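*Asks:* Predicted coordinates and the sequence they were generated for:
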Amino acid sequence: LQSTMGNSDSKISFQRAVEQLGSPGPVEAGDVAVWDQLCQESLTSIQDVFSLLPAEEIRKLREDSPTNLSTLCYKIVEKLTKSVESSCRTSAEQQTVLNSCRLLTRLIPYIFEDPDWRSFFWSKPEPGMKEGADQTPLGKSMMLAICDLLFCPEFTVSSAGNRSRDEVDELINLDSCEYIWEKGVGFAQTPSQTPQHHHNRVELLRLILTCCSESIYLPPTNEAHIGGNKWVHLFTSPENRHALPLFTSLINTVCGYDPAGVLPYNHLIWADSKENLVEMALQVLVVTLDQDLPMDGDNPDGPPDNLFLNYLSRIHREEDFQFMLSGITRLLMNPLVQTYLPGSQRKVHFHQELLIFFWKLCEHNRKFMFHVLKSSDVLEIIVPILHHLNDARADHSRVGLMHIGVFILLLLSGERNFGVRLNKPYTATVPMDIPVFSGSHADLLIIVFHKIITTGHQRLQPLFDCLLTILCNISPYLKSMSMTAACKLIHLVEAFSTPWFLMSNQTNHNLVFFLLEMLNNIIQYQFDGNYNLVYTMIRKRTVFHQLANLPTDCSTMQKNASKKSKKPLTRKSSQIEDESMEGSQPARPAEPGTLKASLMKLPRIENLTEDVSAHPSKKLMDQLTQSLASNSLESGKPIAAVAGSPVQPGADVGRGEAAGSEKVEENEKKDDSSSTADKWVPTPEWISSWKNKMPLQTVMRMLQVLVPQVEKMCIDKGLTDESEILRFLQNGTLVGLLPVPHPILIRRYQANPGT
C-alpha cells in the first residue's frame, strides 16, 4: 500500500512538472527542480509516461512553449551524457536513465512531425551556449550516450568474470566487445542473463528505434527524404565505437532465441523477459540494415558506409550461417507448429520482421543464400512464407507482407538449387486453406500461387508477373507434378488465354507467354515424371488449339473484347475435389480503414530481373541470343487487371489510401467506367505482333503425337479409367519427336529502389 501511494504521489508530481512546462513563459534552464522531477520520479514503465503525457499536451507544449520543449530535450540528453561520464553506477542514476529514455521516446515523434522542428536535433545550439563550447549536435550526443549505456555493467550487461561493479573500467573506456549480449556470431562465450538487464535494454532500444524511424513521420515527398536518415547513418557509422558489438549482440539475440522452452506450458508460469527484447532487437536490425543512405561524398564502388551492412556481408563461417538459419527457421515455424498439447508452447508473432531480415541477409550476403540453398533447410523457410502468402491474400492491410514474401521467392528462384529442393515430398505439417494433395513442395507452391491469383484482392495484380516468373525459373527442375497442381496450372492457362482477357489490355498476353514457357521447360527437360501434367494438357487441349487459332479480324476482336465473364478466374468443377486441410483457416477479408500500407512503386519485371542462361557454353549462349531476338516479350509494359481494366504495375499501391474498402470499390467503379473511354483498342496488327511469337511449337507437337495414341488406346481397350492412360503416359517418351530443346532461361532478381 505504501508503495502504491508513493507511486501515485510520483505521478502527481510528474503531472505538475508537465503543467509548469506548458504554462506561459519559459522555465529557466537552471531550475533544477523541474527537470529532476520529470526524470527521477518513480515511473515504472513506458505506459506510465504515455498516459501522463497525452498527445494533446505535447503538441500544446510544442506550439505554445517551444523554448520549454527545447530546454526539456537538452536537459534530458544532458542527464544521459552525465550518466555515461559517471558510469551509471547507482540505482538512482539507472532509474534516471530509464525515465529519460521513456520521455524522449514519447516526445521525439511529435518533434519529427513538425517541419519547423525536424532539424532540431542536428543544428540548433543549446540555449545560452558560450562560444568555444562543445558544438556536438544534440542528436549525436544522445545516440552515442545510449550506445554507451547499452554496454553498462550491472545495468544492461553483467560484469565480466568475477569482478565487482566498482572494479569495472569507466564506461567511456570500456571495451564493449567483451560484453556482447549473447553467444553466436563472432562471440563464443555464454554471458549470464538477467531479466532486469533485458528490460533495460528494451527501453534503450525502443528510443533508438524511435529515432531511426523518422521516415514514417515525414510526408511522402522526395524532398522530405533528401539526405537520408541521419539517425541510422550515425548509429551504423564508425563514429559509433560500439557498432560491431551492437550488430553482433542484436543478431545473436534474435537468432539464439528459443521461445519453446523445455517444459510444456512453462510460459504460463514464468514470464519470458527475452521475447520483448528479441522483437525490439529484430525491429532495430530491420530499420538499420538500410542500403539507401545518400550522404555527401558517398563512393558507390567502395564498401557501404553502413557498417551493419558491411559486417552482414562479411559473415562467412559455416557455423555462423547455420546458427542464423536455424534461428530464423525456428522463429518462423514457431507459431505454425501443431503440438499434441494445445497451447503448450509460447507463440511469437514477428514473422514480418523475420522475413525482411532474411531478405536483407540473402540480398547482401550471397554466401549465406548459397548456404540456405545447399540443403533442404530452405524448405523450412519456404513453407512459412507460403502459409503467410496464402493467409494474407485477401487482407488489404497485409499487402506489404505479400510483397516481401514474393520477392524472397523470386530471389531464391534464380538459383538452380531452389528448384531442385522443391522436389522433396511435402507433408502437411502447417494448416492451410488449400486442397488436400499428395506431392512435393513444388506442388504446394503452385497451388498457393493459383489461390493468390484467383482469390486474392486486386492490389496483388502487379505481382502476377513475379509469381509466373518464379514458376518459370523452377520449371526445368520439377521432376513430378501432382494432379492437383497440374489442374491448377492449366486452369491459369485457360483463364489468362480467354479472348476477352487478352483483348482487354496491351500486355495481358505476357502472362500467357510466361505460362507457355513454363510448360515448354517441363516438356523438354522433365517429361518423364510429369505424366499428370501431360494428361491434364491432353484433356484441356482445346485451350491450346484456341490459343493457336486466335482470330485477328476486327469484328471478332471487338466481340471478344466486349465479352466479360462474371467470374473469369473462378475455378470450375474438376475431378480433383478441393477439400481443405483439417484445421485450416480461410484468409480474412480486409476490414474497413485498414488500407494504410504505403509502398514504393513496384518495378516492372524487366527491371526487377536480369536474364541469365543456365547453359554456360558459348554455342548455347549464341542460341539464347537468337531465341531472345525472336521470342522476347515486349518490355516496359504494365500488367493487366483481371477484371479487364488496365492496372499499371508501377502504380502506387497504397500511398494515401486510408479511406478503407469503400474507396477501393469506388476506384474500381471509376476504372470500369474509364476503361470504356480508353482510346486504345486492339488491332489485327497488334495481335499479329505477339501471336506469331507465342512459343506454342513444343506444346502443339506434343499434343500432335500423344492425342491420337491416347484416343486409339481408349477406343481399342474401351478405357474409362484414367489410371491406365496415366500409366501409358508414364512409360511413354518423346525422344526425337520434339523440336530442338531451347536454352533454359533464368530471370534472376537484381537490386533496385523498389525493393
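*Replies:* Perfect, thanks for sending it.

*Asks:* mind listing what residue 377 touches?
*Replies:* Applying CB atoms under 8 Å, 6 or more residues apart in numbering to residue 377 gives the contacts 325, 329. Bear in mind the C-beta positions are built from the backbone N, C-alpha and C, glycine included.

*Asks:* now the helices for the stretch 451-600 of the chain?
*Replies:* Counting by DSSP state H, counting those that start in this stretch, the stretch 451-600 of the chain has helices at residues 464-474, 483-496, 499-503, 509-525, 531-539, 541-548, 554-562.

*Asks:* could I get these as a markdown table with distance to residue 358?
*Replies:* Converted to a markdown table, the helices of the stretch 451-600 of the chain look like this (distance: least, CB to CB, whole Å):
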| stretch | distance to residue 358 |
| --- | --- |
| helix 464-474 | 16 |
| helix 483-496 | 26 |
| helix 499-503 | 35 |
| helix 509-525 | 26 |
| helix 531-539 | 31 |
| helix 541-548 | 38 |
| helix 554-562 | 43 |
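
*Asks:* got the ones you listed as CSV, with mean neighbour count, mean pLDDT and distance to residue 117 columns?
*Replies:* CSV is the format used below for the helices of the stretch 451-600 of the chain (neighbours: other CB atoms under 10 Å; pLDDT from 0 to 100; distance: least, CB to CB, whole Å):
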stretch, mean neighbour count, mean pLDDT, distance to residue 117
helix 464-474, 25, 93, 40
helix 483-496, 24, 94, 52
helix 499-503, 21, 82, 52
helix 509-525, 22, 92, 48
helix 531-539, 22, 92, 62
helix 541-548, 16, 91, 61
helix 554-562, 14, 66, 55
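
*Asks:* Quick one: low-confidence residue ranges for the stretch 1-150 of the chain.
*Replies:* Low-confidence segments of the stretch 1-150 of the chain (pLDDT under 70): 1-13, 15-16, 19-43, 124-134.

*Asks:* can you pull out the helices in it?
*Replies:* Using DSSP H, counting those that start in this stretch, helices in the stretch 1-150 of the chain cover 2-22, 32-40, 46-52, 55-64, 66-85, 91-112, 120-123, 138-149.

*Asks:* Tell me which of the helices of the stretch 451-600 of the chain lies nearest to residue 97.
*Replies:* The closest of the helices of the stretch 451-600 of the chain to residue 97 is helix 464-474. By CB to CB, the value is 46.7 Å.

*Asks:* contacts for that closest one?
*Replies:* Against helix 464-474 from outside (CB under 8 Å, 6+ apart): 406-407, 409-410, 413-414, 418-419, 422, 442, 445-446, 449, 452-453, 489, 510-511, 514-515, 517-518, 521, 604-605, 608-609, 639, 649, 745-747.

*Asks:* What helix or strand is the closest residue to residue 356 other than its chain neighbours located in?
*Replies:* Spatial nearest neighbour of residue 356, excluding adjacent residues (CB to CB, 6 or more residues apart in numbering): residue 286 at 4.9 Å. Using DSSP states H and E, residue 286 sits in helix 274-288.

*Asks:* can I get the CA coordinates of that helix in PDB?
*Replies:* Written as PDB, here are the backbone C-alpha positions of helix 274-288 (Å, rounded to 0.1, in the frame of the first residue of the first chain):
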ATOM      1  CA  LYS A 274      13.500 -12.100 -23.700                       C
ATOM      2  CA  GLU A 275      10.600 -12.000 -26.000                       C
ATOM      3  CA  ASN A 276      10.200  -8.200 -26.000                       C
ATOM      4  CA  LEU A 277      14.000  -7.800 -26.300                       C
ATOM      5  CA  VAL A 278      14.100 -10.200 -29.300                       C
ATOM      6  CA  GLU A 279      11.300  -8.300 -31.100                       C
ATOM      7  CA  MET A 280      12.800  -4.900 -30.300                       C
ATOM      8  CA  ALA A 281      16.300  -6.100 -31.500                       C
ATOM      9  CA  LEU A 282      14.800  -7.500 -34.700                       C
ATOM     10  CA  GLN A 283      13.000  -4.200 -35.500                       C
ATOM     11  CA  VAL A 284      16.200  -2.200 -34.900                       C
ATOM     12  CA  LEU A 285      18.100  -4.600 -37.200                       C
ATOM     13  CA  VAL A 286      15.400  -4.300 -39.900                       C
ATOM     14  CA  VAL A 287      15.400  -0.500 -39.800                       C
ATOM     15  CA  THR A 288      19.200  -0.100 -39.600                       C
END
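
*Asks:* Report the buried residues of that helix.
*Replies:* Neighbour counts using 16 or more other CB atoms under 10 Å place 274-275, 277-288 of helix 274-288 among the buried residues.

*Asks:* Run through the strands of this structure in chain order.
*Replies:* 609-613, 745-749 (DSSP state E).

*Asks:* weakest of these by average pLDDT?
*Replies:* Mean pLDDT across the strands of the chain is lowest at strand 609-613; the value there is a mean of 65.

*Asks:* what's residue 692 sitting at in phi/psi?
*Replies:* phi -70, psi -20 (degrees, to the nearest 10).

*Asks:* Could you check how far it is from residue 141?
*Replies:* As judged by CB to CB, to the nearest Å, residue 692 and residue 141 stand 68 Å apart.

*Asks:* Those two: who's more crowded?
*Replies:* residue 141 (19 against 8; other CB atoms under 10 Å).

*Asks:* ok, the more buried one touching residue 76?
*Replies:* No - under the criterion of CB atoms under 8 Å, residue 141 is not in contact with residue 76, lying 10.9 Å apart.

*Asks:* Between the helices of the stretch 451-600 of the chain, which one is closest to residue 319.
*Replies:* Once those are compared by CB to CB, helix 464-474 is nearest, at 29.5 Å.

*Asks:* how many degrees apart are the closest one and strand 745-749 in direction?
*Replies:* 130 degrees (axes from the mean of the first three to the mean of the last three CA atoms, to 10 degrees).
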